[in-house]
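S.K.: output the structure for:
(one chain, ligands or ions: 1)
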Amino acid sequence: MRIVITGGAGFLGRQLAERIAGAGEIVLDGRARSVSDLVLFDAVAAPRVVTGDIADRSQARAVIGEGTDLVFHLAAVVSGEAEADFDLGMRVNLDGTRAVLEACRAAPRPPRLVFASSIAVFGGDVPPVITDATPLTPQTSYGIQKAAGELLVADYSRKGFVDGRSVRLPTIVVRPGKPNKAASTFASSIIREPLAGTEVPCPVGPETRMWMLSPRRAVDGLLHAAALPADAWPPARAVSLPGIEVGIGEMVAALGRVAGPGPVGRISWQPDPAIQRIVAGWPYRFEPRRALAMGFVPDPDIDAIIRAHIDDQLDGRFAA
Ligand SMILES: NC(=O)c1ccc[n+]([C@@H]2O[C@H](COP(=O)([O-])OP(=O)(O)OC[C@H]3O[C@@H](n4cnc5c(N)ncnc54)[C@H](O)[C@@H]3O)[C@@H](O)[C@H]2O)c1
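M.R.: Residues are numbered from 1 along each chain as shown. Okay, here's the model as predicted:
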């Protein structure tokens, strides 16, 4: 099996690559297959990463090449950046996805493709609960680019050019490392920074609610999306992954339960109207029946998400 991960130097790309490399095999259609070649492609230089621009069709074609069996297309610019730089977002998130699809189409054997979409395809005047039948109503350039990507994945699959699958990821919490340009970055910062002994402002109120998934379960979801046979997918080839609905106040309370009062004391409530306005437009309540029936699994609760961060990223140690 030859596997390509675009965005392979990014947060989820690295975690996915580590999981696949650690297992040495991947399950597709119920059968474990050994991985002979795992190629990471990204705009940033990093060890074991092929550096390039996914929106450049010749580069996309060169990296996907002829013998690729499976592509995880994670390369993207995140929400805040795509909103701030319209041309960059369109180029990477839309033209880049088209370049990946065209590279798959050019291969003699259509590869399987997992596309990382986002719940940002929903927004604005959404029903109180997002179901499998809720129309896509993106309200940002990033959401529009992800929705367009999903439609392209469905059409290239319908034509038999690729065996595509799109998974709409909830907000992934807790993201390790530094804050990024996503408007949701605070949801990770308010757990990560206090556990590292650092003071952190929270720009939204405790009543704010979000739809979340841990990195561990997000990687599980990407792998499960690859594993399922083509006929397990609806014609639209897209599902919203099951997450959990969590209030920011509940997150802070969970941090106290898991790590004690010290870390909680490092969080200060400092509302930022601009962030509050963006986050208020995001859907946080889903009924992902189809994904659950397909075998995708959410985290049990926010306490488990915080514990997973402490185990996976901090080797069990944190600043009390
Ligand atoms: N993390 C989340 O909360 C979340 C939620 C919903 C969807 N997603 C989607 O999941 C995917 C992975 O997210 P992430 O959190 O790992 O993001 P990330 O920003 O950490 O990783 C994306 C990677 O894409 C690379 N990239 C950007 N432009 C490129 C280009 N022109 N050519 C090649 N590579 C390029 C970046 O260098 C980066 O390493 C993205 O598609 C993102 O939109 C993430």
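
S.K.: what pLDDT is listed against the residue in the chain positioned nearest to the ligand?
M.R.: Closest contact between the chain and the ligand, by Cβ to the nearest ligand atom, is at Gly10 (2.0 Å). (Each C-beta comes from the backbone N, C-alpha and C, glycine too.) Reported pLDDT at Gly10 in the predicted model: 95.

S.K.: can you check the one 10 residues further on too?
M.R.: According to the predicted model, the pLDDT of Ile20 comes to 98.

S.K.: name the SS class of the nearest residue to Ala120 once chain neighbours are set aside, please.
M.R.: Counting by Cβ to Cβ, 6 or more residues apart in numbering, Gly143 is the residue found nearest to Ala120 once chain neighbours are left out, at 3.7 Å. Of the three states, Gly143 takes helix under DSSP: H, G, I helix; E, B strand; the rest coil.

S.K.: again, but for Leu151
M.R.: helix.

S.K.: per-residue pLDDT, it?
M.R.: pLDDT, Leu151: 98.

S.K.: what's the residue of the chain closest to the ligand sitting at in phi/psi?
M.R.: Note on Gly10: its backbone torsions stand at phi -80, psi -180 [degrees, to the nearest 10].

S.K.: is it true that it touches Phe72?
M.R.: No: judged on Cβ atoms under 8 Å, Gly10 makes no contact with Phe72 at a distance of 10.9 Å.

S.K.: all helices for the stretch 101-250 of the chain, in order.
M.R.: Along the stretch 101-250 of the chain, counting by DSSP state H, counting those that start in this stretch, helices occupy 141-158, 185-195, 215-227, 248-259.

S.K.: elements contacting the second one?
M.R.: Judged by 3 or more Cβ pairs under 8 Å, 6 or more residues apart in numbering; DSSP states H and E, helix 185-195 is in contact with strand 200-202, helix 248-259, helix 261-264, helix 302-314.

S.K.: and it, which residues are buried?
M.R.: Within helix 185-195, the residues that count as buried by 16 or more other Cβ atoms under 10 Å are Thr185, Phe186, Ala187, Ser188, Ser189, Ile190, Ile191, Arg192, Glu193, Pro194, Leu195.

S.K.: average pLDDT for it?
M.R.: Average pLDDT, helix 185-195: 96.

S.K.: between that helix and helix 248-259, how big is the angle?
M.R.: Per axes from the mean of the first three to the mean of the last three Cα atoms, to 10 degrees, the angle that helix 185-195 makes with helix 248-259 is 30 degrees.

S.K.: helix 302-314 and helix 185-195, what's the angle between them?
M.R.: Going by the same axes, to 10 degrees, helix 185-195 makes 70 degrees with helix 302-314.

S.K.: going forward, count from 720.
M.R.: Sounds good: first residue 720 from here, last item helix 904-914.

S.K.: quick one: end-to-end distance for stretch 912-926.
M.R.: 21 Å (Cα to Cα, to the nearest Å).

S.K.: what's the offset of that stretch from the middle of its chain?
M.R.: Relative to its chain's centre, stretch 912-926 lies at 22 Å (Cα atoms, centre = their mean, to the nearest Å).

S.K.: before we move on, the earlier item: quick one, phi/psi of the closest residue to the residue of the chain closest to the ligand other than its chain neighbours?
M.R.: Distances taken as Cβ to Cβ, 6+ apart put Leu793 closest to Gly729, at 6.1 Å, once the chain neighbours are dropped. Dihedral angles phi and psi of Leu793 (degrees, to the nearest 10) take the values phi -110, psi -10.

S.K.: my read: His943 touches Gly1014, true?
M.R.: Yes: if you go by Cβ under 8 Å, His943 and Gly1014 touch, sitting 6.1 Å apart.

S.K.: and the two? Which one has more around it.
M.R.: His943 (21 against 11; other Cβ atoms under 10 Å).

S.K.: and that one, what does it touch?
M.R.: Contact analysis of His943 by Cβ atoms under 8 Å, 6 or more residues apart in numbering lists Met1013, Gly1014, Phe1015, Val1016.

S.K.: which element is the second one on?
M.R.: Right, Gly1014. Counting by DSSP states H and E, Gly1014 is held by no secondary-structure element, helix or strand.

S.K.: how confident was the prediction at it?
M.R.: 98.

S.K.: return the distance of it relative to Asp844.
M.R.: Remark: distance between Gly1014 and Asp844 (Cβ to Cβ, to the nearest Å) = 32 Å.

S.K.: ok, back up a step: in PyMOL, how would I select just the buried ones from the contacts of His943?
M.R.: One line in PyMOL is enough to select the buried members of the contacts of His943, burial here meaning 16+ other Cβ under 10 Å:
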select buried, resi 1013+1015
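
S.K.: which parts of the protein sit against the ligand?
M.R.: Contacts of the chain with the ligand, taken as Cβ under 6 Å from any ligand atom, map to 725-726, 728-732, 761-763, 772-774, 793-797, 811, 815, 835, 837, 888, 890-891.
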